[in-house]
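*Asks:* quick one, structure for this:
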Amino acid sequence: MADYLLFATERYALPILQPLAQALDAAGHAVHAWFVDGASGARLPAPVRTVGLREAVALKPRAVFSAANWVPTFVSGAKVQLFHGFNVEKRSDERGHFRVRGLFDLYCTQGPATTAPFRELAAQAGHFAVVETGWPKLDPLFRDDAGAAAAMRAPAGSRPVVMFASTFTERLSAAPHLFDGIAAEVARGDRYWLLTLHPKCAPELFERYRALAGPNATFFETEQLVTAQRAADVLVADTTSVVSEFVVQRKPVVTFRNRAPKPHMLDFDDAARLPDMLARAFAPDDALKAALADYADAIHPYRDGRSSERVIAATDALLGGELGRLKAKPLAARLRALQIRQRMGYWGLG
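*Replies:* Prediction:
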């Protein structure tokens, strides 16, 4: 049995880490979690044990799995990047998904669209390895969840189900623009709505969307995101990475002013067109179905619900020397490691 550490800085990382925690526990390992910043105070179900800074260091874990942009380098063990979302092109590659900070030993990529660019970066840098594993967060999307999705859908009865999700980035968020249209759809009641917002959205937006809950809608929290995706037939969103997660199921998505619209999206820029876009989503043509399938295969072709097991196997391969010898981390990474120590207030050994 080995000790493993899960690391997160935001609550939305918990659904990413939970399937991995279950897989580690099933393999007989001890699973610990260290949550900081926006994830402080969060918990994962037993047997995951929550620890603090000094306990995390004392554990000397075999590996640290991070669903954040950074990882505490002073904790021992292999540093494994799991990603906190898909590449939705919110930023340039240099600032966004393909930014390499020099902190990780292994990148577990989600699918071919991510793997190829990271393998090119790994060949150039030499100080990290890349293995395509699929994304642990989506494991429950393709596994029996003890009826959770059916339970969430039950209030809809025979009605179709629409899910709404929005990014917190103000200039990209659909939440302020689509509220009136969604409120009208909810009031009409011919479809049932599952509503959520990014945890960083403004409190007043949360109040407005929560107030829509009733016989025709419910508001759910981030931890139920994957269950809601299974339960819904169509997604309404913007440039949130939830769009890509939903598309993996090959279900239609309606996007409002997406930053980089693609053929698999029904994108629109006039809030008054929401009813028409929903009608198209619930009657997808062959071209849209083909685009959904192509995109899903490019970003996440795994539909077996076992990405967590592949992450563990990739980590074992790294630690066993099967992925080759890695170069020393660059100077910039060492400076960043010192900044992390300063940020965390830790100057001990490690």
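
*Asks:* show me how the record splits the chain into domains.
*Replies:* Per automatic domain parsing, the domain ranges recorded for the chain read 3-140+305-344, 145-299.

*Asks:* now the first one: average pLDDT?
*Replies:* Read that as domain 3-140+305-344. Across domain 3-140+305-344, the average pLDDT comes to 92.

*Asks:* now that domain, how far from the chain's geometric center?
*Replies:* How far domain 3-140+305-344 lies from its chain's middle: 13 Å, per C-alpha atoms, centre = their mean, to the nearest Å.

*Asks:* in the stretch 201-350 of the chain, where is pLDDT below threshold?
*Replies:* Where the stretch 201-350 of the chain drops to pLDDT under 70, the residues are 350.

*Asks:* the strands in it, which residues?
*Replies:* With strands called from DSSP state E, counting those that start in this stretch, the stretch 201-350 of the chain shows them at 217-219, 234-237, 253-256, 265-268.

*Asks:* could those strands go into TSV alongside mean neighbour count?
*Replies:* C-beta: built from backbone N, CA, C; applies to glycine. Formatted as TSV, these follow (neighbours: other C-beta atoms under 10 Å):
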stretch	mean neighbour count
strand 217-219	20
strand 234-237	26
strand 253-256	26
strand 265-268	20
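
*Asks:* same list, those strands, but as TSV with distance to Leu319 please.
*Replies:* Formatted as TSV, the strands of the stretch 201-350 of the chain follow (distance: least, C-beta to C-beta, whole Å):
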stretch	distance to Leu319
strand 217-219	43
strand 234-237	38
strand 253-256	38
strand 265-268	40
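
*Asks:* nearest to Ala123, of those?
*Replies:* strand 265-268 (32.0 Å; C-beta to C-beta).

*Asks:* ok, the closest one: who's next to it in the sheet?
*Replies:* Sheet pairing of strand 265-268 (DSSP bridges) gives strand 253-256 (parallel).

*Asks:* give me the contact list for the strand it pairs with.
*Replies:* With contact meaning C-beta atoms under 8 Å, 6 or more residues apart in numbering, strand 253-256 is reached by 174, 177-178, 234-239, 243, 246-247, 261, 264-269, 271, 274, 277-278, 280-281.

*Asks:* check this structure and tell me which residue is nearest its centre.
*Replies:* Centroid check for the chain by C-alpha atoms, centre = their mean gives Gly85 as the closest residue, at 3.8 Å.

*Asks:* now do the SS call for it.
*Replies:* Classification of Gly85 using DSSP: H, G, I helix; E, B strand; the rest coil returns coil.

*Asks:* that one against Leu225, yeah?
*Replies:* No. In this structure Gly85 lies outside contact range of Leu225 using C-beta atoms under 8 Å: 11.2 Å.
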